[in-house]
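Participant: Quick one, fold the following:
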Amino acid sequence: MRGKDGNVRWIAALLIGCIGGMQAGCNNDKPRQVKKPGKKDIVLRVGNFSFTEGEINAFTDFLAKASNGESKAQIRRTVFMDYCLPKKIVETLTSKKERNQARKKAESFFQIVLADGGDLKALRKNGDPIGGKEESGHYPRVNILTPDVTKQLFDRSVGEITPPIATVYGVLIVGVVDQKKGMNAFETHRGIYTVFFPYSKDRPLGSQTREQIQKLLTKKPYIHPYYFDDFAPLFPRAH
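Facilitator: Numbering: from 1, shown residues only. Now for the predicted structure:
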C-alpha cells in the first residue's frame, strides 16, 4: 500500500502524463500547410469527371486581369461551371466522329477564308451564306464568352479573325468587327462576327448538358484541400 505522500506523487505523475498526452494530441491537430498540386494532379472529381490543376487554372490569370472585382476563386468556379464541366459532359453526349467532322468542316471553311484574304471581310463573305452572325458589346470577362474564345478574341485587332476554336458545343471562328476603348485594354467593348460549326444539329446539347450539371452538383465531390474553399460552395454535399 502507498502512503499519503506516495498517493499524491502518483496522482501528480498521472496528471502530468495526461497533460503531456493532451498537448501532443493538440500538436498533431494543428493544421498543416497544404501544398499546391501540380498541373497534372487531379484537384476535383465529381461523378465520372475529373479535373486537373492545369485545367481549372488554364484561364485564371488572363481573366483575373479582366476582372471586375471577381476573386480568383470566383473566376475558377465560373470557368468550371461554364466551360470545364460542360465541355466534358458534351464529350459524352457526342461521338468522336461528330466532333471530328465539325472540326474538319471548320478547318475546310477556314482555308477558304484564308484564300480569300484571311480577314473579317473574307469571313463575312463566306460566312453569311451559312449562317454567320454579328454580335456586339463583349468584354474579356467571365460569363460573357467561354474563356478559350475570349482569350483568342482579345489577342486580335479589328478586322482580324481567330483560327477555328473547338469550344464547348462546337467549333467557332470569330472576327473582330469593332471596338470601343474603355479605361484599359480589358474594359474594351468588341463587336464580333461568328461562324459556328456545331457538334450536333439534331440534339439539344445545351439543355441536356445543363440537366446533367444540376444532377452532378447534388453528388458528393472530391476536392483537393488546396482548392476546397474555391469549389465547395458549388456542392451542397462537399462538407
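Participant: buried stuff in stretch 101-111?
Facilitator: For stretch 101-111, the neighbour count (16 or more other CB atoms under 10 Å) marks Gln101, Ala102, Arg103, Lys105, Ala106, Phe109, Phe110 as buried. C-beta: built from backbone N, CA, C; applies to glycine.
Participant: Would you mind extracting the C-alpha trace of stretch 224-231 into CSV?
Facilitator: Taking C-alpha atoms only, stretch 224-231 is exported to CSV below (Å, rounded to 0.1, in the frame of the first residue of the first chain):
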residue,chain,number,x,y,z
HIS,A,224,-8.3,18.8,-53.2
PRO,A,225,-7.7,20.5,-49.9
TYR,A,226,-5.8,23.4,-51.6
TYR,A,227,-8.9,24.3,-53.6
PHE,A,228,-11.6,23.2,-51.2
ASP,A,229,-12.8,26.7,-50.3
ASP,A,230,-12.9,27.6,-54.0
PHE,A,231,-15.2,24.8,-55.1
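Participant: Now do that stretch: everything it contacts.
Facilitator: With CB atoms under 8 Å, 6 or more residues apart in numbering as the test, stretch 224-231 has contacts from 34-37, 41-44, 53, 56, 72-73, 76-77, 80, 221, 223, 238.
Participant: which among those end up buried?
Facilitator: Using 16+ other CB under 10 Å as the burial test, those include Pro37, Val43, Leu44, Glu53, Ile56, Arg76, Arg77, Phe80, Pro221, Ile223, Ala238 as buried.
Participant: ok, the fifth one - contacts?
Facilitator: With contacts defined as CB under 8 Å, 6+ apart, Ile56 is in contact with Val43, Leu44, Arg76, Val79, Phe80, Cys84, Tyr227.
Participant: Redo those as TSV? Include secondary structure and pLDDT.
Facilitator: Listed next are the contacts of Ile56 as TSV, based on DSSP: H, G, I helix; E, B strand; the rest coil; pLDDT from 0 to 100:
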residue	secondary structure	pLDDT
Val43	strand	98
Leu44	strand	98
Arg76	helix	96
Val79	helix	94
Phe80	helix	97
Cys84	helix	97
Tyr227	helix	97
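Participant: quick one: the strands in the chain?
Facilitator: Secondary structure of the chain (DSSP state E): strands at 42-46, 49-52, 133-138, 165-166, 170-180, 189-198, 222-223.
Participant: This protein - how does it break down into domains?
Facilitator: Listed by automatic domain parsing, the domain ranges of the chain are 1-27, 39-94+211-239, 95-199.
Participant: follow-up on the earlier one: go through the buried residues of stretch 101-111 and flag which are in helices.
Facilitator: Applying DSSP state H to the buried residues of stretch 101-111, the entries found in helices are Gln101, Ala102, Arg103, Lys105, Ala106, Phe109, Phe110.
Participant: I appreciate the help and will end here.
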